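Asker: Got a predicted structure here, sequence first:
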Amino acid sequence: MDLLAVKRVLGLLSIAAGVVAVASPRRVSRALGLSFDDQAMSAFGAREIAAGAGLLAPVKPGPWFWMRAGGDVMDLVALSRAISREAPRKKAAYIALGAVAAIAVFDIVVAARASRNPREEAEAAA
């Protein structure tokens, strides 16, 4: 796995997802079948933008990978709590929960790899 390529792809994806959540929080909430308020969805988006910017910066990516993984855990908790209430579109909410769970596993694997391989992490600081 090329850590530099993963860092760049995840950075761009984080920024894209964050911009969408900040620019249109109500639409994102509705699409996911959730009833988050606009401020909460915007905060999740801002966190994604920050993680993406950190990954695209010329620094070691390990902490930023862990930030993404931590954010995934926050997202999983928020999604599971939202689903337990009266979600307007439960099926979409469960699909989002599954997708975030899969992303969380990937982010944790990447973060752990960066942490275990300091030389590879340093090379990805480009």
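Answerer: Everything's here; your move. Residues are numbered from 1 along each chain as shown.
Asker: From the chain's centre, how far out is whichever strand or helix holds residue 10? Work that out for me.
Answerer: Assigned by DSSP states H and E, residue 10 belongs to helix 3-23. Counting by C-alpha atoms, centre = their mean, to the nearest Å, helix 3-23 is centred 8 Å from the centre of its parent chain.
Asker: any idea how far residue 108 lies from residue 73?
Answerer: Counting by C-beta to C-beta, to the nearest Å, the separation of residue 108 from residue 73 is 9 Å. Bear in mind the C-beta positions are built from the backbone N, C-alpha and C, glycine included.
Asker: again with residue 24
Answerer: Distance from residue 24 to residue 73, by C-beta to C-beta: 24 Å.
Asker: who has more neighbours, the two?
Answerer: The residue with more neighbours, out of residue 24 and residue 73, is residue 24; 16 against 13, by other C-beta atoms under 10 Å.
Asker: on that earlier part again, I'd like to know which elements the helix or strand just after the helix holding residue 10 is packed against.
Answerer: Next along the chain after helix 3-23, taking DSSP H and E as the criterion, comes helix 25-31. Where contact means 3 or more C-beta pairs under 8 Å, 6 or more residues apart in numbering; DSSP states H and E, helix 25-31 is packed against helix 38-56.
Asker: Packing partners of the helix holding residue 10?
Answerer: Looks like helix 3-23 contacts helix 38-56, helix 62-84, helix 90-116, helix 118-123 (3+ C-beta pairs under 8 Å, 6+ apart).
Asker: can you list those helices in TSV and add distance to residue 10 and mean pLDDT?
Answerer: TSV is the format used below for the helices and strands packed on helix 3-23 (distance: least, C-beta to C-beta, whole Å; pLDDT from 0 to 100):
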stretch	distance to residue 10	mean pLDDT
helix 38-56	6	94
helix 62-84	7	89
helix 90-116	7	91
helix 118-123	14	86
